[in-house]
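Colleague: sequence and predicted model, in that order:
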Amino acid sequence: MIAKETYERMKQFSDYGGSWAIWDDAKKGHGVKSGVGNLSIFNQPDIHKMLNSNYVFVGLNGARHDSSDDAGRYPYWRNFHSADNKRQQDYKLRYALHGTKYWGSYMTDAIKCFKETDSSKVRLTIDEEIYHAETLRRELKALGGNPVLVGLGVKSYAFLKRHFGKTHKVVKVMHYSYYIGLGKYRNAVLGALKKSFS
């Protein structure tokens, strides 16, 4: 649970990748990807009670297909909630975290406003990387506490270790874009998280 004031304060980062690891359920008969882009889940008056600031899952950068259902009616938290069922893989993360203590964690990107699905094309100068690290640091300060940072993939993890390794525990998990079954992905993510705390 986070304070309602914290939830409202974090909305300022929504356009820069901020979101939460909470999703609508898949609809029966509509496939495993259904419901991921349904942002109305955030319209619940007590949504802040379902969220936590213990963990922050961090992707490297945003994908190009950030298209959520009802984005006009629900303008916040679109990242990691894509409704593009042809390309989105967000549903794997939903499946991996559902029913765990990581459900409701904060999520964001290390590199802001850089829409690219191919991480090999994400290249920064030293000054640019420092700028993005400081931007993320401000975001984490607004969230509060001292959360565990979970890098989604190798490059995000490396970024976090370089800039936050001395101030936060940093953990690496497999990125959800990998072509891997739902059960195997969940086991890989939860196994990596469990191992990091043992």
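Modeller: Okay, I see it.
Colleague: residue nearest the centroid of this structure?
Modeller: M107 (3.0 Å; CA atoms, centre = their mean).
Colleague: which element follows the longest helix seen in the chain toward the C-terminus?
Modeller: Secondary structure of the chain per DSSP state H: the longest helix is helix 126-143. Per DSSP states H and E, the first helix or strand lying C-terminal to helix 126-143 is strand 148-152.
Colleague: one step back: give the other helices and strands that the longest helix of the chain contacts.
Modeller: Here helix 126-143 touches helix 4-10, strand 55-61, strand 106-111, helix 154-164, going by 3 or more CB pairs under 8 Å, 6 or more residues apart in numbering; DSSP states H and E. Using the backbone N, CA and C atoms, a C-beta is placed for each residue, glycine as well.
Colleague: 6 Å - rerun?
Modeller: The contact analysis (3 or more CB pairs under 6 Å, 6 or more residues apart in numbering; DSSP states H and E) places helix 126-143 against strand 106-111.
Colleague: and the nearest residue to M1 once chain neighbours are set aside, how far from N146?
Modeller: Among residues not flanking M1 along the chain, K49 sits closest, at 4.9 Å (CB to CB, 6 or more residues apart in numbering). K49 sits 21 Å away from N146, taking CB to CB, to the nearest Å as the criterion.
Colleague: more neighbours, the two?
Modeller: Neighbours per residue (other CB atoms under 10 Å) separate K49 from N146, with K49 holding more: 14 against 11.
Colleague: low-confidence bits of this protein, can you list those?
Modeller: Along the chain, the model assigns pLDDT under 70 to residues 63-73, 85, 113-123, 125, 198.
Colleague: mind checking how far the residue of it most remote from its centre is from K86?
Modeller: No residue in the chain sits farther from the centre than G29, which is 26.5 Å out by CA atoms, centre = their mean. When distance is defined by CB to CB, G29 is 19 Å away from K86.
Colleague: ok, Q89 - contacts?
Modeller: 176-177 (CB atoms under 6 Å, 6 or more residues apart in numbering).
Colleague: for it, phi and psi?
Modeller: The phi/psi pair for Q89 (degrees, to the nearest 10) reads phi -120, psi 10.
Colleague: so how far is D109 from it?
Modeller: Distance, Q89 to D109, by CB to CB: 15 Å.
Colleague: give me the neighbour count for the residue nearest to Q88 when sequence neighbours are not counted.
Modeller: Spatially, and ignoring its direct neighbours in sequence, Q88 is nearest to S82 (3.8 Å; CB to CB, 6+ apart). Counted by other CB under 10 Å, the residues lying close to S82 total 23.
Colleague: distance of S82 from H163?
Modeller: Distance of S82 to H163, computed by CB to CB: 27 Å.
Colleague: same check, this time on S14
Modeller: As judged by CB to CB, S14 and H163 stand 22 Å apart.
Colleague: returning to what we had before: hang on, the residue nearest to M1 in a helix?
Modeller: Yes: checked against DSSP: H, G, I helix; E, B strand; the rest coil, K49 lies within a helix.
Colleague: please say which of S14 and H163 ends up with more neighbours.
Modeller: The neighbour comparison of S14 against H163 (other CB under 10 Å) goes to H163, with 20 against 17.
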